[in-house]
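just need the structure, nothing else, for what follows:
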Amino acid sequence: MGSQTPAQFEIRNIAIIGAGPCGLAAARYLIAQEAFNQIAIFEQQDEVGGVWYYSRETSHARHVPQTSAFCPPDPPLRPPLRPPQDKAPKFPSPMYEVLHTNIPRSLMQFSDLAFPADSLIFPSREHVQEYLVSYAKDIRHLIRFSSQVQDVRLRQVDGKDQWDIDVLDLKTGEATTCTYDAVCVASGHYSTIYIPDVENLSAFHEAHPGVVMHSKYYRDAAGFTNKKVVVVGNSASGLDISNQISRVCRKPLLLSVRTATPPGYLDLIGAEEVPVIEEFLANERGVRFQGGRVEKDIDAVVFATGYLYSFPFLTSLKPPLVTDGRRVHRAYKELFHSDHPTIVFPGLPVKVVPFAIAESQAALVSRTWANKLPLPSAEEMEQWEKEETERRGPAFHVWPKGGDGEFINSVYERIAASGTSGKTPPRWDQELLWERQIYFDAKLKFELQGCKAHSLQELGFQYQTEQDNSSAPEVLI
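Now for the predicted structure:
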């Protein structure tokens, strides 16, 4: 257990791991707090953006099935895949060629930087990346690009947490170790894929290499032309990829799901919904679904089954942060380590509007580390986790619909009431809360109309000031 009490942080030097949306937001709020001497951002890519930094190339590593949170990370893409004059390696991203956000830009954007007025209402991945580069403009001098954090170790010095960080310069191969008072782990959670260990999947993959893939490695539909395809999973990426593949594959695309897909999206995709795959059939190059239906001569199976939480550079921290990869342990309010709150983990919640959540979390961290907001005792934080584990069950980090708006406004109100200095976090007014309620239907309309609309009004959604947004979602924080 750390010996620090909430009012006794002595933080001067801070390391941020990752220059994606969470890392950039953390840096801006920590700077605005004007309480810290040094902030260093370590980014293994050669540009900001995190998951939004697109790579046409994909990793050659294929793990089928893949259920371990300790699976080795994808290696970088190196020359000759990269231009000879560019010596900075690039890491594969899960972004694909044609992708739009599933969140309107008014919700997607950070509170202090609007998307350009002529942007699509659901911006393309290219425009989001450009937006993040613009957002990072004032803090680029803090970022050490092509710098891969390989190990983070905790030491206690006179009862104070000290974090030793081993960093590899990916251009020169030079390894260095730096020490910080606090660490913000903003490395993202879209690296370690999850492919369930379905019966006989290993034998199928060995017999038919290349047929089974994860959505992380999808780039475009060209390779699926006239093929018999099964897509597993109907989350946002599963539906989007299915929609693209179904235009060129043999009809109908089979969409394997646990819960029913909204009818509008099934109509858009033109897919046939089928149950969960129970068994792979190597000899028939086929699958058997729940209920007994068999489909043979399958050309491609795309698992859009998500990712596991993983911190390959934090394995020495005990008890372990992750076990099966389904959640992060000892993270109070899904943010502060309960034993050592000098390390934080923004970006854990799922099914939320990410940029605004990143800002709210950054506001909490910056003020807490500056001793402006108190934390409960380690025992109280552990008790919170125990109670929430019993209440939430296995989907610990999956927030209910509306939970993000509740969290964002509760953070704003708490900080406003405390009167603390620093950067003001976002607040969602009634119109933004309404947008949060209707954006799924709006995205469907956007797709149906050819991905050309620049406003919700163009899609037929008009906010009425007298609308009742009083139904409060479950309060998480």
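
I'd assumed Pro341 was in contact with Arg330.
No - contact between Arg330 and Pro341 fails when scored by C-beta atoms under 8 Å: they sit 10.2 Å apart. Glycine gets a C-beta too; all of them are placed from N, C-alpha and C.

which of those two has more residues huddled nearby?
Neighbour tally, Arg330 and Pro341, criterion other C-beta atoms under 10 Å: the higher count belongs to Pro341, 23 against 18.

name the nearest residue to the more buried one, ignoring sequence neighbours.
Nearest non-adjacent residue to Pro341, counting by C-beta to C-beta, 6 or more residues apart in numbering: Leu375, 5.7 Å away.

so who does that neighbour touch?
Pro6, Tyr332, Phe336, Pro341, Thr368, Met381 (C-beta atoms under 8 Å, 6 or more residues apart in numbering).

between all of those, which two are separated the most?
Spanning the widest gap among the contacts of Leu375 are Thr368 and Met381, at 12.2 Å by C-beta to C-beta.

anything in contact with each of those two?
Common neighbours of Thr368 and Met381, using C-beta under 8 Å, 6+ apart, are Phe336, Pro341, Leu375.

tell me the SS of the second one?
Under DSSP: H, G, I helix; E, B strand; the rest coil, the three-state class of Pro341 is coil.

re the thing from before, could I get the contacts of Leu375 as TSV with distance to Tyr180?
TSV is the format used below for those (distance: C-beta to C-beta, whole Å):
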residue	distance to Tyr180
Pro6	19
Tyr332	20
Phe336	16
Pro341	14
Thr368	16
Met381	22
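
which ones among those map onto strands?
Cross-referencing the contacts of Leu375 against strands under DSSP state E gives Tyr332, Phe336.

just the contacts of Leu375: which has the poorest pLDDT?
Taking the contacts of Leu375 together, the minimum pLDDT is found at Pro6 (44).

what about the helices in this structure?
Using DSSP state H, the helices of the chain run over 21-33, 105-108, 125-135, 201-207, 236-245, 263-269, 354-369, 378-392, 403-418, 430-448.

and the ones you listed: which comes nearest Leu170?
That would be helix 21-33 among the helices of the chain, by C-beta to C-beta, at 17.2 Å.

buried ones in that closest one, by neighbour count?
The neighbour-count check on helix 21-33 (16 or more other C-beta atoms under 10 Å) flags Pro21, Cys22, Gly23, Leu24, Ala25, Ala26, Ala27, Arg28, Tyr29, Leu30, Ile31, Gln33 as buried.

surely the fifth one touches Leu364?
No - in this structure, Ala25 sits apart from Leu364 without contact. The criterion is C-beta under 8 Å, and the distance is 11.5 Å.

pull out the buried residues from stretch 451-466.
Ala453, Leu456, Leu459, Phe461.

how close does Glu278 sit to His208?
Distance of Glu278 to His208, given as C-beta to C-beta, to the nearest Å: 18 Å.

can you check the pLDDT for the residue with the largest distance to the centre of the chain?
Distance from the centre of the chain peaks at Asn283, with 37.5 Å (C-alpha atoms, centre = their mean). Note on Asn283: pLDDT of 98.
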